[in-house]
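1. sequence isn't available, so here's the structure alone:
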């Protein structure tokens, strides 16, 4: 029979559960407040400083936002940048990581040194801006993708994961006549799905939250991702223009509109996360084993 847990063990479990519950509440409650405020009336928002469940639900803020295509265009830009950027970054990171995982690669240690050097030192904003300008990427969505094609930390995780795969898999494939690309795409990647899913999530969140690069490189407001538009609405109270003929009702309170925009900008990435979360811990841990 399993012996009863000691008093110290039960006390530790209770304390651990209490601390994690408090952290979870501190993390979740602000978003619940934002969600509740987006459905609340102006009078209720003005009378309650912290609102979780509004007594009267209203969709006026969402109707107001979607009465123009500004938000939809911005979300479309963010989705395009996230999908294309994640696919491009995963292709570049995977191929780089696979090449560096090969111990017979000439100059492997020197290449790794220069790559890791970029984690510690970089040119800064002005040199990077000049490069983007001179290469013709300025004011294009490619400026949000190409300059950040590879994240060195993510690439190192993939490299370490590839090195931990059994060498017999590659040797067997090469005996059957497979080349390096065939080994990578038919053997290595299918065996590395936890790591691939984890790094894809990292890249996806990064591209979805693109803000600083959009501010620096995009002057056309029609190309703004949702995070930049969100800042215009929440901080500067601008960014959405309406025609009186399109929206004839009484506009909802600005606070309710701000909360609704935050919800709209947050929900897409929350929908994607659960599908990759099961691979997250496994992929990150397996790819972080020291070489």
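-> That came through, no problem. On a predicted model such as this, the values are computed, not experimentally measured, just so you know.
2. CA atoms for contacts and neighbours, from now on please.
-> Fine.
3. name the next helix or strand downstream of the host helix or strand of residue 200, please.
-> Taking DSSP states H and E as the definition, residue 200 sits inside helix 193-208. Following helix 193-208 in sequence order, the next helix or strand is helix 212-217 (DSSP H and E).
4. now that next one: how far from the chain's centre is it?
-> For helix 212-217, the gap between its own C-alpha mean and the chain's C-alpha mean amounts to 17 Å (C-alpha atoms, centre = their mean, to the nearest Å).
5. and it, what does it pack against?
-> helix 125-134 (3 or more C-alpha pairs under 8 Å, 6 or more residues apart in numbering; DSSP states H and E).
6. show the low-confidence segments of the stretch 151-291 of the chain, by residue range.
-> 235-251, 276-291 (pLDDT under 70).
7. that one: helices as residue ranges?
-> Along the stretch 151-291 of the chain, the stretches classed as helices by DSSP state H, counting those that start in this stretch are 152-163, 167-175, 180-183, 193-208, 212-217, 226-234, 254-286.
8. just the buried residues of the second one, please?
-> This points to helix 167-175. 170, 173 (16 or more other C-alpha atoms under 10 Å).
9. mind listing what's buried in the helix holding residue 200?
-> Across helix 193-208, burial judged by 16+ other C-alpha under 10 Å covers 194-201, 203-205, 207-208.
10. go on, stretch 88-107?
-> Quick answer for stretch 88-107 (16+ other C-alpha under 10 Å): 88, 89, 90, 93, 94, 95, 96, 97, 98, 99, 100, 101.
11. got a list of what the last one touches?
-> When the contact criterion is C-alpha atoms under 8 Å, 6 or more residues apart in numbering, the partners of residue 101 are 159, 160, 162, 163.
12. again, only this time at 10 Å
-> For residue 101, the contact set (C-alpha atoms under 10 Å, 6 or more residues apart in numbering) comprises 95, 108, 156, 158, 159, 160, 161, 162, 163, 164.
13. same check on the fourth one?
-> With contact set as C-alpha under 10 Å, 6+ apart, residue 93 has these partners: 87, 99, 149-152, 154-159, 199.
14. most neighbours, which of those?
-> The most crowded member of the contacts of residue 93, judged by other C-alpha atoms under 10 Å, is residue 158 (31 neighbours).
15. quick one: it from residue 13, how far?
-> According to C-alpha to C-alpha, to the nearest Å, residue 158 and residue 13 sit 35 Å apart.
16. next one: residue 56
-> Between residue 56 and residue 13 the distance is 40 Å, computed by C-alpha to C-alpha.
17. so for the two, which sits in the more crowded spot?
-> For residue 56 versus residue 13, neighbours defined as other C-alpha under 10 Å are more numerous around residue 13 (12 against 9).
18. which pLDDT does the model give the more buried one?
-> For residue 13, the model assigns a pLDDT of 89.
19. in terms of helices and strands, where is it?
-> Using DSSP H and E, the element containing residue 13 is helix 7-38.
20. now the element after that helix, going C-ward?
-> Next along the chain after helix 7-38, with elements defined by DSSP H and E, is helix 42-47.
21. tell me how far that following helix lies from the chain's centre.
-> 33 Å.
22. which helices and strands sit right next to it?
-> Of the remaining helices and strands, those touching helix 42-47 by 3 or more C-alpha pairs under 10 Å, 6 or more residues apart in numbering; DSSP states H and E are helix 7-38, helix 254-286.
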